[in-house]
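My questions concern the predicted model and sequence given below.
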Amino acid sequence: RKGGEAVLTIGRCLIEAKDMLRHGEWLPWLAEKVGYSEKTAQNFMRLAREFSNPQAIADLGATKALKLLALPADEREQFVADHNVIDMTTRQLEAAIKERDEARAHAQQAEQERSEAQQSAQKLQETLHDVLEDRSDAYQRLEKLTEELDELKARPVEVAVETVVGQEAINKAKDEVRGEM
């Protein structure tokens, strides 16, 4: 617990010192007064910002706590509880975090594919609806045309008849008419 408290206290003190220094003075001050590398100081400061419980740092150790910073803050506690992080090695923890990230990426990919499939199904359904409407319109037009055809078939056909009579027949008819007169 004291180790966890020490890490968090060092991190808070480094944050406070950095805030008090002017721009450009931080790294020289860190090298001269503290003796930590910039990366080590940044790690302590990150732990102080992200973890408020010194027992968590003491139980996990600074290295594992830093690895857990890869997780969103609201998911860390649950991850630690679900994976028994205290008994894991750092490599096992890295692998578990990587597995979680990959599973999450696969889930997001599957969700995206499901969403795209749903959109495609929606478009197909809209197309089917349009096709069914077109089909219904075509059947209505067919019925109308069938009725018109039936009406036309039922109507009597008016035919103009032309009688072709030769000149001889005309002369004969004239002679007959004259004879009767």
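Here it is on my side, so go on.

Can you name the next helix or strand after the helix or strand containing L149?
Assigned by DSSP states H and E, L149 belongs to helix 90-154. Next along the chain after helix 90-154, taking DSSP H and E as the criterion, comes helix 167-180.

ok, residues contacting that next one?
For helix 167-180, contacts defined as Cβ atoms under 8 Å, 6 or more residues apart in numbering pick out no residues. Yep, even glycine has a C-beta here, placed from its N, CA and C like the rest.

So for that helix, mean pLDDT?
What helix 167-180 shows for mean pLDDT is 85.

Extract the C-alpha trace of that helix and format it as CSV.
In CSV, the C-alpha atoms belonging to helix 167-180 read as follows (Å, rounded to 0.1, in the frame of the first residue of the first chain):
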residue,chain,number,x,y,z
GLN,A,167,-71.0,-1.9,-118.6
GLU,A,168,-73.0,-4.7,-120.3
ALA,A,169,-75.0,-5.3,-117.2
ILE,A,170,-75.8,-1.6,-117.0
ASN,A,171,-76.9,-1.4,-120.7
LYS,A,172,-79.1,-4.6,-120.3
ALA,A,173,-80.7,-3.1,-117.1
LYS,A,174,-81.4,0.1,-119.1
ASP,A,175,-83.0,-1.8,-121.9
GLU,A,176,-85.2,-3.7,-119.5
VAL,A,177,-86.3,-0.6,-117.8
ARG,A,178,-87.1,1.0,-121.2
GLY,A,179,-89.0,-2.1,-122.3
GLU,A,180,-91.1,-2.0,-119.2
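
Could you report the pLDDT at the nearest residue to L27 once chain neighbours are set aside?
Spatial nearest neighbour of L27, chain neighbours left out: E38 (6.1 Å); criterion: Cβ to Cβ, 6 or more residues apart in numbering. For E38, the pLDDT comes out at 92.

and what of the one 4 residues further on?
In the predicted model, Q42 carries a pLDDT score of 93.
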